[in-house]
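1. the sequence isn't on hand, but the structure is:
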């Protein structure tokens, strides 16, 4: 029974990481952009979700408002500053500026929402545990798994079955050639960035009933998102998905068997994967 | 060397001597002041040692590491454990700290140095995080989140003024060593590979080995810096491995100038001064650091030095516009 619980815990945690990692991977794959403020967008989403719940006493509007706020901030950031820094060879500048933004977000949210731990209870109808015979398990993690699968499906449809998706893939594959062929790479990148950031904010809202918010959570989530993206291969959505599940399950089964060394196992896993395949599990060599 | 010296105009020599004196006077302030200023001075000098070695990697190697804190933390923990369990002898502690950090650099460099750019950033960050997590969770050895406290002072350097002098000597020696290194064949090959790796390889240079050697050297020096800092504080914590420390070092490198060895030293000085000044006044000093970083990237191409160079050029343009009777001015106008 506890193995089954650990499996579901791992899957739901993995799906949460997928929301973060998919956004980060998308931004990297298309824009060749390192976004160290990604964890910041996660907690912004979370805090917005918390405030919405606080005011309206209803969790669900936050699921829309959080990502919208995230997308708006992403668009604004890209228009104002980040678009000047796209492309190869600008990594130090990207690191510097997004780390700066991450620091600004960290202190601004601390100023706005204080340093207390913020959490909400699971919203109805997912506030009741599931009982199947002797097996009792909360339903909210199952909801998270559902959201993760839905996002995966929508992303796949967007990237493989729509015109915008084809443009995004073209811009990711060869930005110069795409530009020559008349694809407006700048706006495409901006839209992708907003989408990736909105996914991080969505993760923040969805994760709120499971992972309480507190200062420092942003950098913790950033690191986990980076782990997922690097293990899966930079810029690969499917890679991010499998890596998220791997990290989620490592975490939950690690807690079961080696509670002391869970986090070390995650980074050990990362080191092993990188030693074996430096470009990530599904990554292509694109140095 | 002698020819180069005699070819240098005496005004430049005087300016250099003056600069050296000014730096020496500035460096002598913390021990004279003592107390908190001495502490800040030691933080600055030890972090500058680490940042300068990272600066060689970034500026000449093109290796933007976001995990340099791994060497800092390893050096600190190795020194702390040795001093606590065996004895705080500098001749034992510092070489071991350097050796452990260099060993880690070689062991991880074999894997990380195969990649460049973003991949290298992520890989180095991953290994530093591994260090963070292992020290955090290996409680029997490291006491985890409590940190290791009660590290005895280095024998012979109980007085922090002496420790400061030692750290300053290390910093000056590293400066000389690195300025030799970047002019040496190894340094030039490193720089060439940064600009065009395929060509450097095609010319037959063992690029990977040179990178690994320099990586190990910078790791060792950062390990010593971490060991000195650990003895100054008498305390080490897994935080020494954290992203914040790595990022601070990388910021110090990019902040002023990536291609000058003194750049990271000035960068760290600015950061330490800013932190101590702002954190005494506001709880949210990171906000200001963040704003500074954004401003540097947007307007200061090439860091503060680039900003200064732009301002200097602007002054130059202004001067050219002014009517002047001097020969120099006329010559310059003629050449335009």
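-> Thanks, I have the structure now. Just so it is clear, the model here is predicted, and its values are computed rather than measured. Numbering: from 1, shown residues only, chains lettered A, B, ... in the order given.
2. now do the strands in the chain.
-> Answering for chain A, as no chain was given. A:129-132, A:135-138 (DSSP state E).
3. to clarify, I was referring to chain B.
-> B:148-149, B:235-236.
4. tell me what the last one is packed against?
-> If I follow you right, that is strand B:235-236. Counting contacts by 3 or more CB pairs under 8 Å, 6 or more residues apart in numbering or on different chains; DSSP states H and E, strand B:235-236 packs against helix B:69-85, strand B:148-149. Where you see a C-beta, it was placed from the backbone N, CA and C, and this is true even at glycine.
5. name the strands paired with that strand and say parallel or antiparallel.
-> strand B:148-149 (antiparallel) (DSSP bridges).
6. what sits against the residue in chain A that chain B sits nearest to?
-> Among the residues of chain A, residue A:100 lies closest to chain B, at 3.0 Å counting by CB to the nearest CB. Residue A:100 makes contact with B:289, B:290, B:291, B:292, B:293, B:294, B:297, according to CB atoms under 8 Å, 6 or more residues apart in numbering or on different chains.
7. go with 7 Å
-> B:290, B:293, B:294 (CB atoms under 7 Å, 6 or more residues apart in numbering or on different chains).
8. so what's residue 157 closest to, chain neighbours aside?
-> Using chain A. residue A:165 (7.8 Å; CB to CB, 6 or more residues apart in numbering or on different chains).
9. looking at chain B here, not the other one
-> Per CB to CB, 6+ apart, closest to residue B:157 is residue B:163, 4.4 Å.
10. show the contacting residues for the one you found.
-> B:42, B:154, B:157, B:228, B:231, B:232.
11. mind doing that once more with 8 Å?
-> B:42, B:153, B:154, B:157, B:228, B:231, B:232.
12. for these, which one is nearest chain A?
-> residue B:42 (24.7 Å).
13. can you map out the helices along the stretch 151-287 of chain A?
-> A:163-173, A:175-180, A:185-207, A:217-232, A:237-257, A:262-276 (DSSP state H, counting those that start in this stretch).
14. quick one: closest of those helices to residue B:54.
-> helix A:217-232 (19.6 Å; CB to CB).
15. mind checking the longest helix of the chain?
-> In the absence of a named chain, this looks at chain A. Scanning chain A for the longest helix, with DSSP state H as the assignment, gives helix A:2-31.
16. the chain in question should be chain B.
-> helix B:207-233.
17. would you mind getting the angle between it and helix B:69-85?
-> Interaxial angle of helix B:207-233 relative to helix B:69-85 (axes from the mean of the first three to the mean of the last three CA atoms, to 10 degrees): 50 degrees.
18. which parts of helix B:207-233 are buried?
-> By 16 or more other CB atoms under 10 Å in any protein chain shown, the buried positions in helix B:207-233 come out as B:207, B:210-233.
19. same check on stretch A:74-90?
-> A:74, A:75, A:77, A:78, A:81, A:82, A:83, A:85, A:86, A:90.
20. please apply the same query to stretch B:179-191.
-> B:181, B:182, B:186, B:187, B:188, B:189, B:190, B:191.
21. contacting residues for the residue lying closest to the last one once chain neighbours are set aside?
-> With CB to CB, 6+ apart as the criterion, residue B:191 has its nearest non-adjacent residue at 4.9 Å, and that residue is residue B:60. Taking CB under 8 Å, 6+ apart, we find residue B:60 in contact with B:182, B:187, B:190, B:191, B:194, B:259.
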